[in-house]
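In: build me a structure from this.
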Amino acid sequence: MLDSVRIILVGTSHPGNIGGVARAMKNMGLKDLWLVAPRAQFPHPEAVFRSSGATDILDGVQVAATLEEALEDRTLVAGTSARSRHLPWPLLNPRQLAGRLHAELEQPEHRIALVFGREDRGLSNEELHLCHLHVHIPTNPEFSSLNLAAAVQVLSYELRMSANEQTAEKEQTAHLPFGTEWDAPLADSRSLERFFEHLETTLVDIDFHDPNNPKQLMSRLRRLYLRARPDTTEVNILRGILTSTQKVAGTQK
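Out: Numbering: from 1, shown residues only. The predicted model follows:
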């Protein structure tokens, strides 16, 4: 079940933290680790040392140039955030997140990503906008700095505990995200990004959206559609509507 969870580290600056994350993941039964534009040298002996034997996780690390690349096949993305945002986004604590993700993980076609930001400044607003959910670890406000590996340990522990606490007597449909068998797979991040690009282009074409004066329009539309969790058929329908709109407007290329 936990094999469907991908841990993504963005812009990690210290190789020892990569090793510490690998150790935390192996402790909790997670295997899939990706690095996005790491600032740290990797592979590195310090990463091996800090992994305390979790070298199989390090050997399997994938490195991506952008977060979009690491998220392409993911159907639900949760990003860690320590800061309040001007635009509210669905926000959970680690235990709430684990409860939410357990239902997702029982479906083999659902693929989860937990995204962790840079040690010194976390994830950017643009990176957080790629996430369906934001998760905040409620640390002591007088000493809130949390080591990267410790943050991964907290979330992966809650995921493991949630998985262990579920029983076979659970109602057959309780694990389904919409309460019933669905007729199409959920759209992955790559499909959604193509839709958002198409949506923005169309809104510019019909003079509804001014990219030079955006007023958070696209951020709010992202929040709307990510909250809705569209499936692949629904995304195709939406893109068909956009294409027809462009034809009527005479802007389709």
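In: for Pro90, see how far away the residue nearest to Leu71 when sequence neighbours are not counted is.
Out: Nearest non-adjacent residue to Leu71, counting by Cβ to Cβ, 6 or more residues apart in numbering: Ser189, 4.0 Å away. C-beta here means a position set from N, CA and C on the backbone, and glycine is covered the same way. Distance, Ser189 to Pro90, by Cβ to Cβ, to the nearest Å: 16 Å.
In: in terms of neighbours, single out the busier of these two.
Out: Ser189 (24 against 14; other Cβ atoms under 10 Å).
In: touching, the more buried one and Asp73? I think so.
Out: Yes. Applying Cβ atoms under 8 Å as the test, Ser189 and Asp73 come out as touching, 7.3 Å apart.
In: list the buried residues in stretch 235-247.
Out: Neighbour-count burial for stretch 235-247, counted by 16 or more other Cβ atoms under 10 Å, picks out 235, 238-239, 242, 245-246.
In: quick one: which of those sit in helices?
Out: Cross-referencing the buried residues of stretch 235-247 against helices under DSSP state H gives 235, 238-239, 242, 245-246.
In: quick check, nearest of these to Leu159?
Out: Distance to Leu159, by Cβ to Cβ, is smallest for Val235 among these, at 27.4 Å.
In: select the helix or strand of this structure having the lowest average pLDDT value.
Out: Ranked by mean pLDDT, DSSP states H and E, the weakest helix or strand in the chain is helix 94-105, scoring a mean of 87.
In: centre of the chain to that helix, how far?
Out: Chain-centre distance of helix 94-105: 13 Å, with Cα atoms, centre = their mean, to the nearest Å.
In: now the element after it, going C-ward?
Out: Downstream of helix 94-105, the next assigned helix or strand under DSSP states H and E is strand 112-116.
In: ok, residues contacting that following strand?
Out: 4-10, 21, 67, 70-71, 74-80, 101, 104-105, 123, 127, 130-131, 135, 148, 151-152, 155-156, 189 (Cβ atoms under 8 Å, 6 or more residues apart in numbering).
In: so which bits of that strand are buried?
Out: Buried residues in strand 112-116, counted by 16+ other Cβ under 10 Å: 112-116.
In: ditto for stretch 87-96
Out: For stretch 87-96, by 16+ other Cβ under 10 Å, it's 89, 92, 94-95.
In: can you get me the start-to-end distance on it?
Out: 21 Å (Cα to Cα, to the nearest Å).
In: let me see the mean pLDDT of stretch 235-246.
Out: Mean per-residue pLDDT for stretch 235-246: 96.
In: got a list of contacts for that stretch?
Out: Under Cβ under 8 Å, 6+ apart, the answer for stretch 235-246 is 187, 191-192, 194-195, 198-199, 201-202, 205-206, 230, 252.
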